Structure formats: structure tokens, C-alpha cells
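# Pasted the sequence and its predicted model underneath.
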Amino acid sequence: MGQLVKDPFFFGYGSLVNRQTHSYDYALRARVRGWRRAWRHTQGREVPFLTGVPCEATEIDGLVARVPNADWVALDQREDGYLRHAVGDRLQVDAEHSIKAQIYAVPEHSVVYPEVLAPILLSYLDVVVQGYLHEFGEQGAQDFFDTTDGWNVPVRDDRAAPVYPRHTVLSAPERRFVDTRLDDLGVHIVRG
């Protein structure tokens, strides 16, 4: 137990929430105050992706995971395009010991605002929402939609031929949940 207290952790709010997409040996449900998520286009990326955005009025759920081998350099390379931010006392974790974590967020200078918005990959969104459904139930998955900005971006339906490398297969109820929420938000779906 003593070593866990000293180990560095990071807070994941996207695909990390889906345990099928990683093999982190120690991940726990958590909530962080003062952040929300947003879809952002950035330099050098073809599709938008999720980022954390500071927001004093919001809390988001996710998982904290131990940094493999305490190697921030390797994790920073995996999270290319993001910068780390200490979460401090804004983190709530269901753990018997104190955990300090950092959150990754795209720096504002990397954000681009293209005239034509590239679509979010549905295969990626499915992975994220499936994770929230499994970890936090339907209310937690609804909270994901409610605490994420940027739903004006179209979504590319690539379920038949997933582009996202860590895609998963959703059950029929999970697909209906995602599709209904996108419909409720008025998100434009690009087929193919």
C-alpha cells in the first residue's frame, strides 16, 4: 500500500474510462472538480479529439490510473499533443489512500478553428461512452454528454469499418444510447 501512495497517477476522461482499451494495472473511478471536456481540432491532427478544459462550475467523472513504471516521459509521448496539469485537492477517488494525479489537456496555442470541421470518429465516441456506461451507468454516460462541449462538430459513422485503433463492439442497447444522445443533441452524422 505504501508504494501506491507514492506512485504518480493521471486522470483519464475519454477512452481510458473504457477498461477494454488499456491494460493499466491499477485504475479507479474518480471525479475531478474544475474541469469539463471539449472536442478540439488541433494542428497536425485530422480529426478532433477530447481535451480537458478548466471550468470552475463543472465536475467530470473518469478513471485515475497509475503511470506505468512511474515513467511520465513515455506517457507524455503516448499523450502527444497534450500538456499535463496537476489536479491537486480537486480530485475525489474511491480509494483507501491518498492519490495525487495530473490531467492532460490540449494547450490553447495548439487549437485550430477550421472553416470546415472534421468529424469526430463514431468508433472513438463509442469506446468512450461504452466506458462511461460500464463504469458510471446511464446517468454517468449522460453526464459525459452534458459536460462535453463542441457537439457542433459532425460525427463520422465509421462503425462498419472502424478507424479508431482501439475500437470495441457495442451491444444493441449501447448503440441505441449513443445514437439517441447524438440525435437529441442534433449532431450531424456523416455516413461512411
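Here it is on my side, so go on.
# switch to C-alpha atoms for all contacts and neighbour counts from now on
OK.
# Could you give the separation of the longest strand along the chain from the chain centroid?
Secondary structure of the chain per DSSP state E: the longest strand is strand 49-66. Relative to its chain's centre, strand 49-66 lies at 8 Å (C-alpha atoms, centre = their mean, to the nearest Å).
# cool, and stretch 47-56?
That offset, for stretch 47-56, works out to 9 Å (C-alpha atoms, centre = their mean).
# Next, the buried residues of that stretch.
Val47, Pro48, Phe49, Leu50, Thr51, Gly52, Val53 (16 or more other C-alpha atoms under 10 Å).
# List of residues touching it?
Residues outside stretch 47-56 that contact it (C-alpha atoms under 8 Å, 6 or more residues apart in numbering) are 13-14, 33-42, 103-106, 118-121.
# likewise stretch 144-164?
36-40, 58-61, 117-124, 129, 132, 181, 185, 187-192.
# Mind checking which of the residues you listed are in helices?
In this view, the contacts of stretch 144-164 that belong to helices under DSSP state H are Leu122, Ser123, Tyr124, Val129, Tyr132, Arg181, Leu185.
# Parallel or antiparallel, list what pairs with the longest strand of the chain.
strand 9-12 (antiparallel), strand 27-42 (antiparallel) (DSSP bridges).
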